[in-house]
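Peer 1: What follows is a predicted protein model with its sequence.
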Amino acid sequence: MRVAVVGAGRMAEIRAGALAAIDGVELCGIAARRRSRAEEFAARFRIPVSTDDYRELASTAPDALLAEVPHRLQDDVVRWALRSGMHVLAGGSLAATRPAAREIAALAAEYGLVVEAGYEARYKRVWHAAAEMIHSGALGELLAVQTIALVDQDPHSWYYDEAASGGMFVTHLSYAFLNPLRWILDTPETVAAIANRKALTRAGAVRHEICAVLLTFPGDVVCSMTAGYVRPPGMEAWDVRILGTDGALDLRPGDLEPGSLRHHPQRGPSVTRDFAPNDAFARQAAAFVAACRGTARVRNPAEDALIDIELCHLLAASADEGGMRLSTTAITAPDGAVAMNASGYRHRRRPS
């Protein structure tokens, strides 16, 4: 299986390395905006072709493509790859905008190609351990979820650029931690958000810099999420707390770190579990390759990752309206997404 790569940053190295470690996978070409970066990347991974124009990668006859670039550019790369007959592993969310996400999901369905969004949390052992405890009834009936995910974002990076990123909800909140929570608890039934922008107010910067989000998940589970791009360097702010009638979980899922989990039962001492090393990227790469070969399914297919973008669109609209509570009934999960969720957690089965 031949895989081409677009992007030569740190995350491209991590994901390309995970793919290259799989038997039968060959990295056949690398494209980056700066040719020198592409050449350095090619030398590191022994890739025969390097270029500054991703469209030239078609000459390497790839079966699949890894896109690890800013979201707006990713949209163009993914559409081109699908129309060229390639499966796609995207580095982040499905797309920067709802129209682009819908188009990409439609193209994937039309051409019968695998598109996997880059949310590796669904492959991370700490999240799987939490899901197993929740759906085994170890916490009793779920009551509430509380999360905080703050990063000290570089004001000069594309993440802070509204047009390049698609906004903070898409680039950050979906990753931390809307996508993994939705995987475990199903699609929320109502959403509301308030947000502000104070640290960086220049033209073109993200409209929503810090947000507070309220969600209701099926089963009358209430969830509050705080996320944003301002955090003092010494502050720890990457946590998930899940409360049930018979106990609670404190997760520190980590970003590139493996993460840890602390279980607080209603009776008895609290227990901490550490999860090392972080093999989520390797597990996601393996699932992607297996799906391309027709022997497995990915956990973030286009039709499901589209739901994250639809929810982020509603949250941004709610924030723009000052916190209006919005129903998600207009979001229709395609049959594939419903089947994937049902085969995992909706009916309290063991995680796949």
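Peer 2: Sure, I can see it.
Peer 1: what about residue 54, distance to residue 9?
Peer 2: Counting by C-beta to C-beta, to the nearest Å, the separation of residue 54 from residue 9 is 14 Å. Where C-beta positions appear, they are placed from N, C-alpha and C, glycine not excepted.
Peer 1: can you pull out the helices in the stretch 51-200 of the chain?
Peer 2: Per DSSP state H, counting those that start in this stretch, the stretch 51-200 of the chain has helices spanning 71-83, 98-111, 125-135, 162-165, 168, 179-185. These are given in chain order.
Peer 1: Tell me which of the ones you listed approaches residue 289 most closely.
Peer 2: Closest approach to residue 289 among those is made by helix 71-83 (15.8 Å; C-beta to C-beta).
Peer 1: related to what we said a few turns ago, would you reformat the helices of the stretch 51-200 of the chain as CSV and include mean neighbour count and mean pLDDT?
Peer 2: Conversion of the helices of the stretch 51-200 of the chain to CSV gives the following (neighbours: other C-beta atoms under 10 Å; pLDDT from 0 to 100):
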stretch, mean neighbour count, mean pLDDT
helix 71-83, 21, 97
helix 98-111, 18, 97
helix 125-135, 20, 97
helix 162-165, 18, 96
helix 168, 29, 98
helix 179-185, 24, 97
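Peer 1: and of these, who's closest to residue 257?
Peer 2: Between residue 257 and these, the tightest spacing by C-beta to C-beta is seen for helix 125-135, at 9.6 Å.
Peer 1: So which elements touch the closest one?
Peer 2: When contacts are defined as 3 or more C-beta pairs under 8 Å, 6 or more residues apart in numbering; DSSP states H and E, helix 125-135 packs onto helix 179-185, strand 238-244, strand 247-252, strand 260-265.
Peer 1: Buried residues in the last one, which are they?
Peer 2: Applying a neighbour-count criterion of 16 or more other C-beta atoms under 10 Å, the buried positions in strand 260-265 are 260-261, 263-264.
Peer 1: Just give me the closest of those to residue 314.
Peer 2: residue 261 (29.8 Å).
Peer 1: Please list all residues in contact with that closest one.
Peer 2: Applying C-beta atoms under 8 Å, 6 or more residues apart in numbering, we find residue 261 in contact with 126, 129-130, 249-252, 272-273, 275.
Peer 1: Surely residue 151 and residue 229 touch.
Peer 2: Yes - the pair residue 151 / residue 229 is scored as a contact, 6.1 Å apart, by C-beta atoms under 8 Å.
Peer 1: one step back: are any of the contacts of residue 261 buried, and if so which?
Peer 2: Among these, the ones that count as buried by 16+ other C-beta under 10 Å are 126, 129-130, 249-252, 275.
Peer 1: Next, count neighbours for the residue lying closest to residue 241 once chain neighbours are set aside.
Peer 2: Once flanking residues are discounted, residue 241 sits nearest to residue 146: 4.6 Å by C-beta to C-beta, 6 or more residues apart in numbering. Each residue near residue 146 was counted by other C-beta atoms under 10 Å, and the total is 14.
Peer 1: now residue 171: how far from residue 49?
Peer 2: In this structure, residue 171 and residue 49 are 30 Å apart, going by C-beta to C-beta.
Peer 1: try residue 190
Peer 2: 49 Å.
Peer 1: any idea how far the lengthiest helix in the chain is from the chain center?
Peer 2: Ranked by residue count, the top helix of the chain under DSSP state H comes out as helix 302-320. Chain-centre distance of helix 302-320: 13 Å, with C-alpha atoms, centre = their mean, to the nearest Å.
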